[in-house]
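S.K.: sharing a model that was predicted from the sequence below.
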Amino acid sequence: MQRRAVARTAIAALAAGLTLLAGLALYSSRNTAQATAKIAAAEQVTQQWSQVYLRIGIEYEQLVDFVRADSASGRGPLISSIGSAEENLRWLHAHGGPSDSFQAQALQNTYGGYSYTLRDLVDAQKHGDRVRMEEDAKLAALSASALRKQASVNIARNNLEMSGLLKQAQEDNEAVLLAVEVMSVVDLLLVGFCAVVLLAYQKSTERQARESRYQAMHDSLTGVANRSLLLERLDEAVATTARPGAGTGLLLLDLNHFKEVNDTLGHLAGDRLIQEVASRLSESARDEDTVARLGGDEFAVVLPDVSSTEDLMKVGRRILDQLCRPVDLDGFLVDVSASIGASLYPMASGNAAELLQHADVAMYAAKRNRLGVALYDPRHDENTTERLAAGAELRQAIEGGELEVHYQPKVRVSDGSPTGVEALVRWRHPIRGLLGPDQFIPVAEQNGLIRPLTDVVLSTAMEQMRAWRTAGLTMPVAVNAGADCLHDLGFPAHVAELMDRYDTRPGELTVEITESMVITDPERAASILAELRVLGVRVSIDDFGTGYSSMSYLQQMPLDELKIDRRFTARIEQEGSGRAIVAAIADLAHACGLQVVVEGVEHADTVPILDEIGCEAAQGYLFCRPLPADDLTAWAIARAAVPA
Ligand code: C2E
Ligand code: MG
Ligand code: MG
């Protein structure tokens, strides 16, 4: 900004300097023209006075000749030249300056008298009057001398004026010349200054352009190439793959569990991890390779000149080895692990875009199958295509009302009476029939569809609960909340709105969470659950004992209920550890003030054991499978009619 202002000022100053120079040149030439005209006029006046002086002189000499002459031819010249200076004096009177005009007029009178004397002399000679002749000759000589003196005085005066004018013009010229010289030097300096400023300005503009291109092509967090530069380099490498048998390799890398680091240690730690990964990748890459960050925790390495898929895999494994060392993040040692997808042009991929797509497919295969590094295999495509297609299809299904909610009762262990139901989602697929959650919940998780799916289940279940109440059945509902709900700070407000809409009372709605879902950000999840509890929503921990954080969740999460996973239930009838584990979990839950629900109860023999252990409620095929709402209503009515 400042440079631009300086450049503009310099150019404006130069323009002003050049204009001044041009003005001086104009002034100088006008001045010279005026002085020349004045001098020419003075010269003309001087010439006229010189003529007057000359003519009077000639007339006087002719007068001398006239007096001496003894023939008519000797007297002729004077007779013809009398009054010869008259015309010059008239001119001077009319065209001379004020003093010349005045002098000329004065001289005209004297000259008139002189001319008269000469004519009288001629007349005296004609009459042979020698005495008059002599008197007239004397008088004429005196007049001629006086006239010539006056003429010469005027000549001298004009010469003086002329030299004055010349001197003035010379002085003016010198002053202008000095000004021109000074201005030329100033202008020259300004030209130099402008050149320097413009050059510096041009350089800074070029530097800025280079910097913006660098920024446009590099990742701001890590300084490695970004997606645009990666694509450019990939195109270049593919276009110049010349050596027979050689190819361009691409490794696509995605960190494992990066989200957890971000969520538990914070975004700054996440950024540091990403920076460390970028620097490790850059260290392990060759000079001719390009390391790029594609966004989030996804990186790519372009490897020009790779001979075979074996070589590519070797490089991939080496990079993974060098990457998988713990990183110290503010005292926490965090394990780094990643999944790498590898693809090679022209062996399997026909162009740069395909190379990228194939590496992406291979990367997902590596992640799914925990391979570390996976080479692209066309068979991987089917899974990816299926995954993408299923995501789009599920989205449409959610929006188009293809989801159904079935309900499975929870019963009191002591008397078998229903204590509520769990809402379990189903997808009535137009072609594949009724699909269970295991077939599409992972698709929803991968495609960010858990929130809309939970919203549909929540509102359907809450509306159903209101319908049951209207029909005279009190049936609390439990809904499984996906992980995304427990990361969304707006979730409690949404639940509050639904509770208001469907007139849900405190204690009637339970939210079931599984520890594996909330593991990424326990603190935020805990605060969201606390907000839900303030609304009167019960919180239940589902599938207890299957994850790794069961104990810490018991401590951190605000809970009302614990559901023992069906894997433990299945072994409950075995003497020894099976039963002991369920009993221990139940004791633990009771010690934490939680109610216990046992899942997956299939055998009648299990119920007395649960009663003995002190579990409050049970859920399982023994009592009822998950049913559509109407069937569940019929079941509940029948159940009420026939006591357990
Ligand atoms: P879950 O929340 O633990 O639900 C209980 C699952 O156990 C249900 O499977 C139910 O049908 C099954 N089950 C109940 N009693 C028995 C039994 O006696 N024996 C056996 N073998 N299984 C029994 P379902 O409906 O297939 O649901 C599977 C899982 O899908 C659920 O486990 C839950 O984690 C998830 N899920 C279901 N609906 C939703 C939903 O609306 N949102 C989310 N995020 N997840 C859901
Ligand atoms: Mg559940
Ligand atoms: Mg469960």
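M.R.: All right, it came through fine. Ligands and ions are numbered 1, 2, ... in the order given.

S.K.: could you measure from Glu161 over to Val196?
M.R.: 52 Å (CB to CB, to the nearest Å). The way it works is simple: take the backbone N, C-alpha and C, and place the C-beta from them, glycine included.

S.K.: the two: which has the busier surroundings?
M.R.: Glu161 (19 against 11; other CB atoms under 10 Å).

S.K.: what is the burial count for the closest residue to Pro492 other than its chain neighbours?
M.R.: Nearest residue to Pro492, sequence neighbours excluded (CB to CB, 6 or more residues apart in numbering): Glu531, at 3.9 Å. When neighbours are defined as other CB under 10 Å, Glu531 has 17 of them.

S.K.: and Glu531, that one's in a strand?
M.R.: No: counting by DSSP: H, G, I helix; E, B strand; the rest coil, Glu531 is not part of a strand but helix.

S.K.: ok, the strand or helix carrying Ile441 near ligand 1 or not?
M.R.: Taking DSSP states H and E as the criterion, Ile441 maps to helix 437-446. Yes: on the criterion CB under 6 Å from any ligand atom, helix 437-446 is in touch with ligand 1 at 437-438, 441.

S.K.: what's around the residue in the stretch 151-300 of the chain that ligand 1 sits nearest to, how many residues?
M.R.: Closest approach between the stretch 151-300 of the chain and ligand 1, counting by CB to the nearest ligand atom: Lys259, at 17.8 Å. Using other CB under 10 Å, Lys259 has 15 neighbouring residues.

S.K.: give me the neighbour count for the residue of the stretch 301-450 of the chain found nearest ligand 2.
M.R.: For the stretch 301-450 of the chain and ligand 2, the shortest gap (CB to the ion) falls at Glu422, measuring 5.5 Å. By other CB under 10 Å, the residues close to Glu422 number 23.

S.K.: do the one 4 residues further on as well
M.R.: Burial measure for Arg426: 19 neighbouring residues, criterion other CB under 10 Å.

S.K.: isn't there a helix covering it?
M.R.: No: according to three-state DSSP, Arg426 belongs to no helix; its state is strand.

S.K.: give me the spatial nearest neighbour of it, chain neighbours excluded.
M.R.: Sequence neighbours aside, Glu404 is the residue nearest to Arg426 in space, at 4.6 Å (criterion: CB to CB, 6+ apart).

S.K.: about what we covered before: tell me how far the following helix or strand past the helix holding Ile441 is from the chain's mean position?
M.R.: Note on helix 437-446: by DSSP H and E, the next helix or strand toward the C-terminus is helix 450-470. Taking the mean of its C-alpha atoms, helix 450-470 sits 45 Å from the chain's own mean (CA atoms, centre = their mean, to the nearest Å).

S.K.: report whether helix 450-470 contacts ligand 2.
M.R.: No: Helix 450-470 does not reach ligand 2 (CB under 5 Å from the ion); its nearest approach is 11.1 Å.

S.K.: contacts for that helix?
M.R.: Contact with helix 450-470 is made by 394-395, 398-399, 403, 405, 407, 423, 425, 441, 444, 474-477, 479-485, 488, 494-495, 498-499, 501-504, 508-509, 629, 633, as judged by CB atoms under 8 Å, 6 or more residues apart in numbering.

S.K.: show the buried residues in those.
M.R.: 394-395, 398, 403, 405, 407, 423, 425, 441, 444, 475-477, 479-485, 488, 494-495, 498-499, 502, 504, 508-509, 629, 633 (16 or more other CB atoms under 10 Å).

S.K.: could you point out which element follows the helix or strand in which Lys203 is found?
M.R.: Using DSSP H and E, Lys203 falls within helix 130-217. Using DSSP H and E, the helix or strand that follows helix 130-217 in sequence is helix 227-239.

S.K.: mind listing what's buried in that next one?
M.R.: 227, 229-231, 233-234, 237-238.

S.K.: quickly name whichever of those residues is closest to ligand 2.
M.R.: Checking these against ligand 2 by CB to the ion gives Arg227 as the nearest, at 40.1 Å.
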